[in-house]
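Participant: Pasting a predicted model and its sequence here:
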Amino acid sequence: MTLVGLDDTDSRERGMCTTYVATRVAAAIETAGGTVDHRLLIRLDPSIEFKTRGNAALCLETDLDPDRAFDLAVDAVESLAAVEDPKTSPGVVVADASTGTVADPVAALARRAVHERVDRDEALGLADRLGYRHRGWDGGRGRIGALAAVGAGRAFDDWTYEHVAYRELERCGTPREVDRESVFAAAEAAYPDAWDTVDRAEDELVCVPSAPGPILYGIRGDDPETVREVARAIGSEPVDRSATFRTNQGTDAHLQSGTVETVRDGRAYRIDAVVDDAPETRAGGHVHTTVRDGDDHLPCVAFEPTKRFRDRVRSLRPGDRVTVCGEVGQGTLKLEKFALRDPVTTESAVPTCPDCGRSMESAGRDQGYRCRDCGTTAPGRVERELDRRLDPGWYEVPPCARRHVAKPLIRGGFDTPTYPER
């Protein structure tokens, strides 16, 4: 068997899409008499500065001869990649291996590439030692992701699926024609097996991208037939071609366990901590708070695009025990989801006069409180029950704000009650 890895063929400004390039390579392989057994779409480190939007790399598993597969992949990249963008640096890596026999160091590199930056020389050195064919353009940085995609089949255990429909290329750059009602109806019928197709609260078609490029829509879910069924129910402009990918999207593969003390910029974490100060809404509508663990503190933020998720964050109180998840940048954790573990249920308050119901006033330093009107006294502040509007459990950003690799709560497997957004 042969594994064909590709990465970094697209551009923020000029469009194109590495999944589309991979789909064209798969078509060329089949025309050449080969078969494509697996199509993997791998989301790598979402914090890497070189990414376009989702930092995707692709791998095709085929029975075609490695030399022939390599030539077909190179031809596709040269004809389709957005190399006119100086930030685009495509790469192809081809291995004479199957998903099950790919070398252990390549699988290890794939796991690392989801969590942290991998050096290009390290990746190329590994590819050369293993005799993998590779080719890069404009520096060939994409060979890092391409090699990671080659190893991804052995690197991860949790998989989901995405069915991607592509436009006719001549339509790229024009408004996409997708029937909204059909998308909402198909999303409702397939939920929760297909998720993040729409955002009902925001009335948004999450599956339809706004960026330039050949993708018409992408349907995500837990099994391949469900995502294809949703796609078949959608009315749209002509679909030029389509493909179903196995992927690590929606799995939280990017999160690693960490502590407030040990977090580093450019990595994504799952951290247990205590809310240290009351959440505050600042300029731009972003909601800020700080969590602590002992003497160590970590600022956290829920950005304005996370919409109603910010209300959940605003409901946190100092002293709440939480688990926070997200990427750390410039010393601040960008919240993707959190779990309220042990909420504060009382607060210290000025006592109320039992006779008139008014708040008492201080009677002087260390002299407790008294009611000026009734003369009643109290020795000190009292504990008052809080009306908490946030139950213990997991809360998440809405579908319109979710990162590709972040796991929707509706997929399950969480350790406390969940409150999924849809």
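Facilitator: Nice, thanks for sending it over.

Participant: So which residues of the stretch 151-300 of the chain form strands?
Facilitator: 160-166, 194-195, 215-221, 241-247, 255-258, 267-275, 280-281, 287-293, 296-302 (DSSP state E, counting those that start in this stretch).

Participant: Make CSV out of these and add mean pLDDT.
Facilitator: Output for those, formatted as CSV (pLDDT from 0 to 100):
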stretch, mean pLDDT
strand 160-166, 98
strand 194-195, 98
strand 215-221, 97
strand 241-247, 98
strand 255-258, 96
strand 267-275, 97
strand 280-281, 96
strand 287-293, 98
strand 296-302, 98
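
Participant: L205 is nearest to which of those strands?
Facilitator: Among the strands of the stretch 151-300 of the chain, strand 215-221 comes nearest to L205, with 7.6 Å by Cβ to Cβ. Where C-beta positions appear, they are placed from N, C-alpha and C, glycine not excepted.

Participant: Okay, helices next: where are they in the stretch 251-400 of the chain?
Facilitator: Along the stretch 251-400 of the chain, the stretches classed as helices by DSSP state H, counting those that start in this stretch are 309-314.

Participant: would CSV of the strands of the stretch 151-300 of the chain with distance to C353 and mean neighbour count be doable?
Facilitator: CSV is the format used below for the strands of the stretch 151-300 of the chain (distance: least, Cβ to Cβ, whole Å; neighbours: other Cβ atoms under 10 Å):
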stretch, distance to C353, mean neighbour count
strand 160-166, 60, 24
strand 194-195, 54, 28
strand 215-221, 59, 25
strand 241-247, 63, 20
strand 255-258, 49, 16
strand 267-275, 32, 21
strand 280-281, 33, 12
strand 287-293, 34, 20
strand 296-302, 39, 20
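
Participant: Same list (those) but as CSV, adding distance to A123.
Facilitator: Shown next, in CSV, are the strands of the stretch 151-300 of the chain (distance: least, Cβ to Cβ, whole Å):
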stretch, distance to A123
strand 160-166, 25
strand 194-195, 33
strand 215-221, 27
strand 241-247, 21
strand 255-258, 20
strand 267-275, 19
strand 280-281, 43
strand 287-293, 35
strand 296-302, 31
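
Participant: Which one of the ones you listed lies nearest to P343?
Facilitator: Closest to P343 of those is strand 267-275 (Cβ to Cβ; 9.6 Å).

Participant: Pull up the pairing partners for the closest one, direction included.
Facilitator: When pairs are called by DSSP bridges, strand 267-275 turns out to pair with strand 255-258 (parallel), strand 287-293 (antiparallel), strand 321-329 (antiparallel).

Participant: can you list contacts of the longest one?
Facilitator: What that stands for is strand 321-329. Strand 321-329 is contacted from outside by 46-47, 252, 254-255, 263-275, 291, 298, 300, 316, 333-343, using Cβ atoms under 8 Å, 6 or more residues apart in numbering.

Participant: make it 7 Å
Facilitator: 46-47, 255, 263-275, 291, 300, 316, 333-342 (Cβ atoms under 7 Å, 6 or more residues apart in numbering).

Participant: Over the strand ranked longest in the chain, what's the mean pLDDT, rounded is fine.
Facilitator: In the chain, taking DSSP state E as the definition, the longest strand is strand 332-342. Computed over strand 332-342, the mean pLDDT rounds to 98.

Participant: Quick one: distance of it to the chain centre.
Facilitator: 14 Å (Cα atoms, centre = their mean, to the nearest Å).

Participant: All good on my end, thank you.
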